[in-house]
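Q: sharing a sequence plus its predicted fold:
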Amino acid sequence: MTDTTTGSLDEVRSDFIEKVGLIAQNEGLPRIAGRIFALLVFDGDVISFGEITETLQVSRGSVSSATRLLEDRGLIKRVGKPGQRQDFFRLADNPYQNMLGAVVTGLERARDEIGETLQRVPRDRPEIRQRVQNYARFYEEMGRAVSQSIENLK
């Protein structure tokens, strides 16, 4: 009797890596960054720089840029291993909370930008002020909701 689980799991893994790459790309990130993140999520292991390039069949330059981006966003962590010259990577301790933290920052920035515009709308134009204020409130409420999600993930 042959074990088809391994073949199936390899397909699931490959599909997951590609899907997360596309999700990242749709969110304005490099596709390779999403693929690296997916690899670390799915496998759950510490992985070397070389293993990433080999597994994903991408250039060292792409991996270097993408891992820096993921590190900067608090999604992965660079680790060293005694006696090893290359870098190794693992998931950050709270990657999903860190993702949401970046979303909150973006929502707050949008709210503040809209608020600056609101300050410049003349008081004798309440219809404009109301629409702009509602738009700022939308970002404020979204920020609160995402902040609550961060708390829920703790």
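A: Happy to help now that I have it. Numbering: from 1, shown residues only.
Q: I'd like the distance between Glu11 and Ala66.
A: 24 Å (Cβ to Cβ, to the nearest Å). Yep, even glycine has a C-beta here, placed from its N, CA and C like the rest.
Q: and those two? which has more neighbours close in?
A: Set side by side, Glu11 and Ala66 show more neighbours around Ala66, with 24 against 10, by other Cβ atoms under 10 Å.
Q: just the pLDDT at the more buried one, thanks.
A: pLDDT recorded at Ala66 is 98.
Q: my guess is it meets Gln25, correct?
A: No - Ala66 is beyond contact range of Gln25, at 11.7 Å (criterion: Cβ atoms under 8 Å).
Q: helices of this structure, residue ranges please.
A: 5-26, 31-43, 49-56, 60-72, 95-120, 126-153 (DSSP state H).
Q: ok, which of the ones you listed comes nearest Arg85?
A: helix 49-56 (10.0 Å; Cβ to Cβ).
Q: just the buried residues of the helix or strand of the chain with the lowest mean pLDDT, please?
A: Lowest on mean pLDDT, DSSP states H and E among the helices and strands of the chain sits helix 5-26, with a mean of 91. By 16 or more other Cβ atoms under 10 Å, the buried positions in helix 5-26 come out as Ile17, Val20, Gly21, Ala24.
Q: list the contacts for the nearest residue to the last one once chain neighbours are set aside?
A: In other words, Ala24. Computed as Cβ to Cβ, 6 or more residues apart in numbering, the closest residue to Ala24 that is not its neighbour in sequence is Gly34, at 2.5 Å. Applying Cβ atoms under 8 Å, 6 or more residues apart in numbering to Gly34 gives the contacts Val20, Gly21, Leu22, Ile23, Ala24, Gln25.
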